[in-house]
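Enquirer: Below is the sequence, then the predicted model.
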Amino acid sequence: MDGVVAGSARRRRRQLLEERRFLAPALIAPAILFVGLLVGAPLLLSVYLAFTDATAGSLTGDFVGFDNFTRQWSDPTFRTALRNTIVFTLLANAIVVVGASVLAHFLVRDFRGKWFARFLILLPWAAPVALSTIGFLWLFDSLFSVVNWTLIRLSLVDQFNPPQWLGEPNKALAAITTVHAWRLLPFATVIMIAGLASIPKEVDDAAKVDGATGLRKLWFVTLPLQLPIATIAVLFGIVFTATDMAVVYILTRGGPFNSTQMLPMWAFQTGIQAGSLGAGAAIALFLLPVLALVTVLMLLFARRVEVT
């Protein structure tokens, strides 16, 4: 009798696990908890701090309304950081889109050593950001730069006046843009490869029958079919670039003369290093509505150009 009852209980538990009403919430609950604790809670705390004069010594500051936002908007450093963030994001993603498209078209072909080429391209994304960026810190070093050593040996720069890649405003911005584009390139390439692989072979064969080859096939067949997935790649790139602080922090810390100052870096320096949590939270929140609007517009664009 006890065995029958135990067997019935086991069957009942199995049926509960197989029921969609129970299984779906059970599977999605950990994800909701993860997002809520690591994204939702910090976001709500940032919103609260942005409207107070809270400092590192006291989280319970007085309510100040939009004072933190108006003060930052009138701050020249904030405006410089905002301009640099826009330029940095656009330039880095332009490089990434072009480079990823070329690499994706190359890597979808069959050739000897294809797996090794894919491994090398994915390596920057797999490597820790601090490790890879410190490598570039050595490459761009004012005294021991491998880049300068090579240029000097090729007689392309003056030996006694080599470029200061991280010490001159324009060169510093170009340097961090290059490093960030190098880091994002593998991720965008994988997305582009997935987009090319999803194009039906029948479409490719039909294009060949109609005489579309080479650039004509690329322009009228491949690119329109790849545009939705490329839009998603650009969207991820914009979000990653506009919110990244690691590359700037390791290479320049916003210098020289704020030429590489970005909003995430300025928010960190203001809120954490200077201890003005309210002002730092206000700086960080400036990006939220902008990125939300960009996300909505790009998703709508991707859906509109999707070929069904």
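Expert: Thanks, I have it.

Enquirer: what does stretch 64-79 rub up against?
Expert: With contact meaning Cβ atoms under 8 Å, 6 or more residues apart in numbering, stretch 64-79 is reached by 50-53, 258, 261, 263, 266, 278-279, 281-283, 286. Every residue, glycine included, has its C-beta placed from N, CA and C.

Enquirer: Pick the one among those closest to Ile134.
Expert: When the contacts of stretch 64-79 are compared for distance to Ile134 (Cβ to Cβ), Gln261 wins out at 20.6 Å.

Enquirer: Return the member of the contacts of stretch 64-79 nearest to Pro169.
Expert: Asn258 (8.7 Å).

Enquirer: I'd like to know which elements the helix or strand hosting Ala41 is packed against.
Expert: Using DSSP states H and E, Ala41 maps to helix 41-50. Using 3 or more Cβ pairs under 8 Å, 6 or more residues apart in numbering; DSSP states H and E, the elements in contact with helix 41-50 are helix 277-305.

Enquirer: The helix it packs on: which residues count as buried?
Expert: 277-287, 294, 298, 302 (16 or more other Cβ atoms under 10 Å).

Enquirer: and if you look at stretch 52-68?
Expert: Thr52, Asp53, Ala54, Thr55, Gly61, Val64, Asn68.

Enquirer: so how far is the first residue of it from its last?
Expert: One end of stretch 52-68 sits 8 Å from the other (Cα to Cα, to the nearest Å).

Enquirer: where exactly do the helices run in the stretch 151-300 of the chain?
Expert: 169-197, 201-209, 214-217, 223-243, 246-251, 263-268, 277-305 (DSSP state H, counting those that start in this stretch).

Enquirer: just those helices: most buried one?
Expert: helix 263-268 (a mean of 23; mean count of other Cβ atoms under 10 Å).

Enquirer: Identify the residues contacting that helix?
Expert: 77-78, 81-82, 85, 242-245, 248-249, 253-254, 280-281, 283-284, 286-287.

Enquirer: 6 Å - rerun?
Expert: Ala81, Thr85, Thr243, Met245, Val248, Gly254, Gly280, Ile283, Ala284, Leu287 (Cβ atoms under 6 Å, 6 or more residues apart in numbering).

Enquirer: still on that earlier bit, tell me the one of the buried residues of stretch 52-68 nearest Gly237?
Expert: Looking across these and measuring by Cβ to Cβ, the closest to Gly237 is Asn68, at 29.3 Å.

Enquirer: Just give the closest residue to that closest one, not the sequence neighbours.
Expert: Ala282 (3.7 Å; Cβ to Cβ, 6 or more residues apart in numbering).

Enquirer: element containing Arg118?
Expert: Going by DSSP H and E, Arg118 is part of helix 114-126.

Enquirer: which other helices and strands contact that helix?
Expert: helix 169-197 (3 or more Cβ pairs under 6 Å, 6 or more residues apart in numbering; DSSP states H and E).
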